[in-house]
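Engineer: Fold the following and give me the result.
(one chain, ligands or ions: 2)
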Amino acid sequence: MAYSAKIGPSILNSDLACLGAECVRMMECGADYLHLDVMDGHFVPNITFGHPVVECLRKHLGPDPFFDMHMMVSKPEQWVEPMAAAGANQYTFHLEATNNPGNLIKEIRQNCMKVGLAIKPWTSVEELAPWAGQIDMALVMTVEPGFGGQKFMEDMMPKVSWLRSQFPSLDIEVDGGVGPDTIHKCADAGANMIVSGSAIMKSEDPRSVIALLRSVCAEAIQKRSLDR
Ligand SMILES: O=C(CO)[C@@H](O)[C@H](O)COP(=O)(O)O
Ligand SMILES: [Fe+2]
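Structural biologist: Residues are numbered from 1 along each chain as shown. Ligands and ions are numbered 1, 2, ... in the order given. Alright, predicted model coming up:
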């Protein structure tokens with residue numbers, strides 16, 4: 001079992017006027033990585049930021065924090081090189097946004113980034129499965145992408161369980177509505193990369209929330225390894 005519990009705060013709902021400071025704060029509170037939500041106003045009905053902001057964040061934060069780019073964009077092919085140059089570590093694109101996932105995976109690797117593949121709630125996990133052997137991480141969206149602060153969709157958990165059963169060492173990420181109230185479901189289903197936005201950002205004690213999410217997830221991983 002190669003995977004471990006990792007918590008990646010989504011900074012979408014942070015004070016965007018202080019983005020650099022917010023990212024530093026998250027790392028100081030024990031985040032394992034940063035989940036950066038890129039929205040183009042076309043693939044989703046919202047706009048956030050692009051590679052120039054990522055480049056500034058990389059300069060501000062230094063080489064260490066792992067940047068997981070959640071690319072909610074219609075043309076994921078277009079941003080691979082700029083994001084790599086800006087300092088992204090993982091490029092997570094949506095299966096729904098491309099006709100040629102195989103080529104995109106190759107391009108991401110050629111640009112020295114890890115590959116994440118995301119599916120929206122209405123996309124079946126069977127559509128992702130053929131690519132699972134070629135990616136580093138599968139992202140199962142637990143809300144309709146576009147906005148932070150939405151309600152967790154519990155009915156996505158069978159997708160996570162199925163992926164975990166078929167690909168025992170794959171990194172599986174969940175994103176949307178995940179926090180102390182919903183983490184048990186994600187962890188029990190087999191997710192190990194946990195994105196959490198509002199639950200961490202709006203907490204008065206983000207360090208404790210991150211620690212709680214990680215411990216619930218780590219406990220489930222340990223239990224699964226004992227059950228095998
Ligand atoms: O990608 C998205 C939304 O599209 C997410 O990363 C959210 O921003 C997570 O925020 P919460 O749902 O945890 O508030
Ligand atoms: Fe996201």
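Engineer: Which residue does this protein have closest to ligand 2?
Structural biologist: His70 (3.7 Å; Cβ to the ion). (Each C-beta comes from the backbone N, C-alpha and C, glycine too.)
Engineer: Any figure for the gap between that residue and Gln134?
Structural biologist: Going from His70 to Gln134 by Cβ to Cβ, to the nearest Å gives 19 Å.
Engineer: How about Gln110?
Structural biologist: Distance from Gln110 to Gln134, by Cβ to Cβ: 13 Å.
Engineer: one step back: double-check that the residue of the chain closest to ligand 2 belongs to a helix.
Structural biologist: No. With DSSP: H, G, I helix; E, B strand; the rest coil as the criterion, His70 is located in strand rather than a helix.
Engineer: residues near it, how many?
Structural biologist: Using other Cβ atoms under 10 Å, His70 has 27 neighbouring residues.
Engineer: Next: the one 10 residues further on.
Structural biologist: Val80 is surrounded by 21 other residues when neighbours are defined as other Cβ under 10 Å.
Engineer: How about Ala220, nearest residue that isn't a chain neighbour?
Structural biologist: For Ala220, ignoring the flanking residues on the chain, the nearest one in space by Cβ to Cβ, 6 or more residues apart in numbering is Ala187 at 3.7 Å.
Engineer: got a list of what that neighbour touches?
Structural biologist: Neighbouring residues of Ala187 by Cβ atoms under 8 Å, 6 or more residues apart in numbering: Ala5, Ile194, Val216, Cys217, Glu219, Ala220, Ile221.
Engineer: filter these to the buried ones?
Structural biologist: Among those, those classed as buried by 16 or more other Cβ atoms under 10 Å are Ala5, Ile194, Val216, Cys217, Ala220, Ile221.
Engineer: filter those residues down to the ones close to ligand 2.
Structural biologist: When the buried ones among the contacts of Ala187 are checked against ligand 2 using Cβ under 5 Å from the ion, none falls in range.
Engineer: Show only the entries of those residues found in helices.
Structural biologist: Judged by DSSP state H, these include Val216, Cys217, Ala220, Ile221 as members of helices.
Engineer: any idea which of those residues is closest to Ala199?
Structural biologist: The closest of these to Ala199 turns out to be Val216 (Cβ to Cβ; 12.5 Å).
Engineer: Can you get me a residue count around Asp32?
Structural biologist: 19.
Engineer: can you check the one 3 residues further on too?
Structural biologist: The tally of other residues near His35 (other Cβ under 10 Å) stands at 27.
Engineer: same check, this time on Val53
Structural biologist: A count of neighbours around Val53, defined by other Cβ under 10 Å, yields 16.
Engineer: That one: what's it in contact with?
Structural biologist: Going by Cβ under 8 Å, 6+ apart, Val53 touches Leu19.
Engineer: Leaving out chain neighbours, which residue sits closest to Ala218?
Structural biologist: The spatial neighbour of Ala218 that comes closest, neighbours along the chain excluded (Cβ to Cβ, 6+ apart), is Ala5 at 4.2 Å.
Engineer: cool, Lys151 as well?
Structural biologist: Leaving aside its sequence neighbours, Lys151 sits nearest to Gly177 (Cβ to Cβ, 6+ apart; 5.4 Å).
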